[in-house]
Each structure stands twice: as C-alpha cells, then as structure tokens.
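Colleague: got a predicted model here, sequence first, then my questions.
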Amino acid sequence: MGCWNSKLDELLPQQHQTRLLYRSTRRVDGVNRLYGACRHGNTVVIINPGRSPMKPYIRVPEGTYALVQHQGQDVDYVKPDGSTTPVWPPGMHFASLFTQVSQLVTKQYIVFDTPVKGCKTADDVTVGIDMCLILRIMGDESKGEDSELVRRFVYELGPNGLEIQLRAAQDEAVRALARSVEHTEVYQLRDGTMREKFKTGALNFRTNRLHVDEFNFPTADEETKEEGGDSKDRKVLYCVTEDIKRSLNEQFNRYGVQITSVAITNVTLPKEFQTQMENRTTHLSAIKEQKMKQLSDMQMLEK
C-alpha cells in the first residue's frame, strides 16, 4: 500500500517542496550568502567556485568544507604534523594556476520540507502528514568526524541523490506511520510523542521495547502497578519523530549526512472527517460540562 492521489497531494499556498542544488560561481566571495538564500525551497548545498588566473593562491571561505583538485585530480591538505585530510581549512593557500577549489560544501544546517502526502490510515481514510527534517553534512574533524565523509558525500550522493533518496525515505516513513494508526488517532502524531494504546497495535509493538533505565524513571511494570491497570492495556511512551530520525540516520550517516531533527509540522484530515471530529469534541465537552454542573449542584444540596 502506498500514497494515493487526492486533493491532499496538492501543495498548499505558500508551501514549497525543498530542492537541494549544485551551483557554480565565478568568485568565492559571498558563497555563504548563496547557501543561506533559500527561495521557494531551493537550497544550495555544493558550490563550484571559479579560479582567478591572476592570483597565485586559492581561498577557502569560513563555514564550508573545501575539496581541492590539481589538474582534475584530488589533492589532500598536509597538516603541520604531516598528516593529510581531504578537507582544506579556511584561509589563503599558495597554489599553482592549475590548482583550484573544486567543491565547497556547506556546513550550515539544511531544512528539508516535504509537501502534503495523501496516505491511507489503518481504517482506509486519506490523511495528509507534513514532515520537516533538519540535516547537516558530516566531516567536521573538530566534532570527531571523519573528513573522508565529505568526499564520499560529494562523489557518491551529491545534492540531487540526497534529495531523491531522502524524499523516498520520508515517503516510506510517512506511509508506514499513517498505516499504523486510525484516522481518529492521527492528531496525536503532531507533537511527535504519544502516550496512548493505539487500536491497531502497530505502534504499540514498537514501543514495548526494553531499554536501560539510566535516570531512575519508573519501569513499565511499576507504572502499570501504580495505575492499577493490566500489563496488556498499559500506556506506553513512543516518540515517533525520534524513531524516524534514528531510522534515517542508519541509512544516511554512511554517506556523510546526519539528520539532527525530525518534526511533524501538520496533520490534515478530509473536511468531512474534520467536521465529524469537531462535532464529537463539542458533544463530549457539553456532556462533561453538564456532569460538572450536576456534581456542583449535588455538593450545594449536601451543604
């Protein structure tokens, strides 16, 4: 089962689909402005800068990973201690006219948005789930990362490959998420954390995993005893977004991409179901208010 075509597949006003781009520029000056200028969802990830034939040096700007080539062949930077790294540090480096910066990869965090997707829930209702990712390119040695990851990202994945694979992985995650819940439960997905027992049981199975209690929180059995409920019906805590982030990182870390945050930004139901749920909420609120009034009247009579 996959996503189905519906009105929920259409982009809402002022909503853009993120595009990850490769750009060329004549000068190194202002490359960070190009990275930061995200218009209509277009985000520059890699820049190929020009080389001035009049200057005996190459310049690497701050906030980027720089790969350098000499006559088309990659050249590693030699550190003062004699070790080498594929990423050149910021600053000016004397070099021949045949040596140039081949790629500048941004160190900035990248926001990756997906459009509304019309997906089927467990009870076959088409819903829209918008998801937003924040990611970065790995390879920062100051964070203990392998600088070879930058080269691997450039040559094995690149902006276009990352966009295609990331969108496919997101679509798969959204489809699986929608199929795990019924339409009456989808609004619980919005904050990314749920403490409920779902009717389908699909998410419950993933939440009932044993893990080490490092901060002396009550265990699941202790919580069950305190609540006086049966272990089969106990409430569980499940962070949807953290689970998706972990899954995406397992897939993309090897290519030098780290997903730092996942957020479900919007959940949309068809109009008729929205109206039904609003009416039901209004009805339940009225009943609750009536019960509270009756309780108050009874307390007044007892006095």
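Modeller: Nice, thanks for sending it over. Predicted model, so just to flag it, every value in this text is computed and none were measured.

Colleague: burial count for residue 262?
Modeller: 25 (other C-beta atoms under 10 Å). For glycine as for every other residue, the C-beta is placed from the backbone atoms N, C-alpha and C.

Colleague: what sits against it?
Modeller: Residue 262 sits next to 131-134, 192, 241-242, 244-245, 248 when contact means C-beta atoms under 8 Å, 6 or more residues apart in numbering.

Colleague: that one in helix, strand or coil?
Modeller: Three states are possible here, and by DSSP: H, G, I helix; E, B strand; the rest coil the one that applies to residue 262 is strand.

Colleague: what bridges to it?
Modeller: Listed by DSSP bridges, the beta-bridge partners for residue 262 are residue 133.

Colleague: tell me how far it lies from residue 20.
Modeller: In this structure, residue 262 and residue 20 are 17 Å apart, going by C-beta to C-beta, to the nearest Å.

Colleague: pretty sure residue 150 is touching residue 77, no?
Modeller: No - taking contact to mean C-beta atoms under 8 Å, the distance of 11.9 Å between residue 150 and residue 77 leaves them out of contact.

Colleague: picking up where we left off before, just the buried ones from the contacts of residue 262?
Modeller: For the contacts of residue 262, a burial check counting by 16 or more other C-beta atoms under 10 Å picks out 131-133, 192, 241, 244-245, 248.

Colleague: check the most centrally placed residue in the chain and give its pLDDT.
Modeller: When the chain is reduced to its mean C-alpha position, the nearest residue by C-alpha atoms, centre = their mean turns out to be residue 133, at 2.2 Å. Among the per-residue scores, residue 133 holds a pLDDT of 92.

Colleague: same check, this time on residue 45
Modeller: According to the model's per-residue confidence, residue 45 sits at a pLDDT of 92.

Colleague: again with residue 149
Modeller: Confidence per residue is given as pLDDT, and for residue 149 that number is 96.

Colleague: make sure residue 122 is actually in contact with residue 176.
Modeller: No - proximity of residue 122 to residue 176 does not meet the contact threshold set by C-beta under 8 Å, at 11.1 Å.

Colleague: which element, helix or strand, includes residue 97?
Modeller: Under the criterion DSSP states H and E, no helix or strand holds residue 97.

Colleague: no, scratch that, I was asking about residue 108
Modeller: Once you assign secondary structure using DSSP H and E, residue 108 falls outside every helix and strand.
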